[in-house]
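Colleague: here's my sequence, what's the structure:
(one chain, ligands or ions: 1)
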Amino acid sequence: MGVLDELNAGARADMEERRALVGQDELVRRIAALPATRDPLPAFRAPGIAIIAEVKRSSPSKGALAEIADPAALAEAYAHGGADAISVLTEKHRFGGSLDDLAAVRARVDVPVLRKDFITDAYQLYEARAVGADLALLIVASLSDAELAALHATALDLGLTPLVETHTADEVRRAADAGAVLVGVNNRNLNTLEVDIRTFARLAPLVPEGTVLVAESGVRTPEDVRAFAEAGADVALIGEALVTGGDPVAGVRAMKEAVRG
Ligand SMILES: O=C(O)c1ccccc1NCC(=O)[C@H](O)[C@H](O)COP(=O)(O)O
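Modeller: Numbers count the residues shown, from 1 in each chain. Here you go, the predicted structure:
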């Protein structure tokens, strides 16, 4: 089994445990009591570069990255630095995250919040919405065309903005066929875990006009951000460089200021 298959299987097993305790009907009731979601797209489309700053404790590729005892405080620092959205990894085994992290972040910041997880079931989208997420990740490589279309539609129905993640030309085509407006190009191969930052520039020209494009993984410096913007990125999603950089406010600010608005 490849790394991505393992991550999907683990996330699914965890989800089934939660679903046995809290059914989808209960999530629907909780969602009904919530305010509308925040739309990230206006900020993502604004001139310059938008930054999605990630709460990332550990990863399959690097192991432990940062302790992050208070994810909400980190998210608040990111927001002060000018982050346009916060990504929260909610997978627990390899990333050390949780839905509680997302709920805590949601309670502290006003910017849109992304649930970054291995989503293969609509229940996970209901969970995301119920804890206050505004966006949810859909990884094309994890889904059939029918699953991608169904989860994309469910996310939109819930008011979530789907971030549709690709890594190959065929996945970019499949994302477009699913009607994705927000498309991520992940520079990391989720099976070999190798990062090749040339992936973004290779795939960006294949994306249809009007798509909002996110460069994901391996964005380490303001110079990287500038290069991704020149290659067509509207948004850079940054984890490791910010959680290990020591100063998340200055870190986000420097990334944001790398490209003039
Ligand atoms: O980060 C990993 O090792 C990883 C492995 C397998 C699946 C997903 C993985 N990461 C999720 C992400 O997409 C990144 O956290 C995100 O793009 C930020 O990347 P970075 O700035 O390189 O931390």
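Colleague: Val28 against Glu127, yeah?
Modeller: No: with contact defined as Cβ atoms under 8 Å, Val28 does not reach Glu127; the gap is 11.3 Å. C-betas here are computed from N, CA, C, even on glycine.
Colleague: please, where are all the helices along the stretch 51-200 of the chain?
Modeller: Residue ranges of the helices in the stretch 51-200 of the chain, as given by DSSP state H, counting those that start in this stretch, are 71-81, 99-108, 122-130, 145-157, 169-177, 198-203.
Colleague: what's the most buried one of the ones you listed?
Modeller: Among the helices of the stretch 51-200 of the chain, the stretch with the highest mean neighbour count (mean count of other Cβ atoms under 10 Å) is helix 122-130, at a mean of 23.
Colleague: how about the residues of the chain by the ligand?
Modeller: Within reach of the ligand by Cβ under 6 Å from any ligand atom, the chain has these residues: 3, 7, 54, 56, 59-61, 186, 188, 190, 193, 216-219, 237-241.
Colleague: again, only this time at 5 Å
Modeller: 59-61, 190, 216-217, 238-240 (Cβ under 5 Å from any ligand atom).
Colleague: out of these, which is nearest to Val105?
Modeller: Nearest to Val105 out of the residues of the chain next to the ligand is Gly239 (Cβ to Cβ; 14.0 Å).
Colleague: surely that closest one touches Ser87?
Modeller: Yes: here Gly239 reaches Ser87: they are 7.2 Å apart, a contact under Cβ under 8 Å.
Colleague: mutual contacts of those two, please.
Modeller: Both Gly239 and Ser87 are contacted by 54, 56, under the criterion Cβ atoms under 8 Å, 6 or more residues apart in numbering.
Colleague: circling back to that earlier point, now the helices of the stretch 51-200 of the chain in JSON lines, with mean pLDDT?
Modeller: JSON lines is the format used below for the helices of the stretch 51-200 of the chain (pLDDT from 0 to 100):
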{"stretch": "helix 71-81", "mean pLDDT": "98"}
{"stretch": "helix 99-108", "mean pLDDT": "98"}
{"stretch": "helix 122-130", "mean pLDDT": "98"}
{"stretch": "helix 145-157", "mean pLDDT": "98"}
{"stretch": "helix 169-177", "mean pLDDT": "98"}
{"stretch": "helix 198-203", "mean pLDDT": "98"}
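Colleague: for the stretch 1-150 of the chain, what spans make up the strands?
Modeller: 50-55, 58-59, 63-64, 85-89, 113-116, 135-139 (DSSP state E, counting those that start in this stretch).
Colleague: and the residue in the stretch 151-261 of the chain that the ligand sits nearest to, how many neighbours?
Modeller: Nearest residue of the stretch 151-261 of the chain to the ligand: Gly239, at 2.9 Å (Cβ to the nearest ligand atom). Neighbours of Gly239 under the rule other Cβ atoms under 10 Å: 25.
Colleague: and if you look at the one 5 residues further on?
Modeller: For Thr244, the neighbour count with other Cβ under 10 Å is 13.
Colleague: isn't it up against Ala64?
Modeller: No: using Cβ under 8 Å, Thr244 is not in contact with Ala64, being 10.3 Å away.
Colleague: Glu216: what's it in contact with?
Modeller: 165, 184-188, 237.
Colleague: would you reformat those residues as TSV and include distance to Val109, neighbour count and pLDDT?
Modeller: Listed next are the contacts of Glu216 as TSV, based on distance: Cβ to Cβ, whole Å; neighbours: other Cβ atoms under 10 Å; pLDDT from 0 to 100:
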residue	distance to Val109	neighbour count	pLDDT
Glu165	23	26	98
Gly184	21	27	98
Val185	26	28	98
Asn186	24	24	98
Asn187	26	23	98
Arg188	26	20	97
Leu237	16	24	98
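Colleague: Glu76: which of those is nearest?
Modeller: Leu237 (18.6 Å).
Colleague: about what we covered before: from the contacts of Glu216, which ones fall inside strands?
Modeller: 165, 184-186, 237 (DSSP state E).
Colleague: spatially nearest residue to Phe95 (excluding sequence neighbours)?
Modeller: Counting by Cβ to Cβ, 6 or more residues apart in numbering, Leu89 is the residue found nearest to Phe95 once chain neighbours are left out, at 4.1 Å.
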